[in-house]
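Q: just to be clear, the model below is a prediction. Sequence and coordinates:
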Amino acid sequence: MVQAFEAIMLICFGISWPFNIAKSLRSRTAKGKSLQFEICVVIGYLFGIAGKFIGGNVTYVLAVYILDVAMVSIDIVLTCRNRRLDRLAAEREESAL
């Protein structure tokens, strides 16, 4: 039962990431995004994964952890891309003045 609750918690946290990824793709801007926050989330998930291995409790919940890490990692890549796009847009605006 404990594993089911942990999986539900991870799924609830993970539900938001596909929406965040879609927003990052559509908006093409990093405004309002925190790269530090996303990195902290990945670190938290990695500690959760490490805890599974250290505790010898590797179950199906590990797959949910891995899926969540993958989604946050995708959003980190998109945030970096969007930061670059923001810089390029700012440079174009500056040179147009």
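A: Sure, I can see it.

Q: which SSE is the residue nearest the centre of the chain in?
A: By Cα atoms, centre = their mean, the mean C-alpha position of the chain lies nearest to V72, the distance being 1.6 Å. Assigned by DSSP states H and E, V72 belongs to helix 61-96.

Q: also K31?
A: K31 belongs to no helix or strand when elements are defined using DSSP H and E.

Q: for N82, see how far away it is.
A: Relative to N82, K31 is positioned 8 Å away (Cβ to Cβ, to the nearest Å). Using the backbone N, CA and C atoms, a C-beta is placed for each residue, glycine as well.

Q: about what we covered before: the residue nearest to the centre of the chain and E38 touch, don't they?
A: Yes. Applying Cβ atoms under 8 Å, one finds V72 in contact with E38, separated by 5.7 Å.

Q: buried set for stretch 39-52?
A: For stretch 39-52, a neighbour-count test (16 or more other Cβ atoms under 10 Å) marks 41-42, 45, 48-49, 52 as buried.

Q: need these in JSON lines (columns: distance to D68, secondary structure and pLDDT).
A: Converted to JSON lines, these look like this (distance: Cβ to Cβ, whole Å; DSSP: H, G, I helix; E, B strand; the rest coil; pLDDT from 0 to 100):
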{"residue": "V41", "distance to D68": "8", "secondary structure": "helix", "pLDDT": "97"}
{"residue": "V42", "distance to D68": "9", "secondary structure": "helix", "pLDDT": "97"}
{"residue": "Y45", "distance to D68": "6", "secondary structure": "helix", "pLDDT": "97"}
{"residue": "G48", "distance to D68": "9", "secondary structure": "helix", "pLDDT": "95"}
{"residue": "I49", "distance to D68": "10", "secondary structure": "helix", "pLDDT": "97"}
{"residue": "K52", "distance to D68": "13", "secondary structure": "helix", "pLDDT": "95"}
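
Q: fine by me, we can end here.
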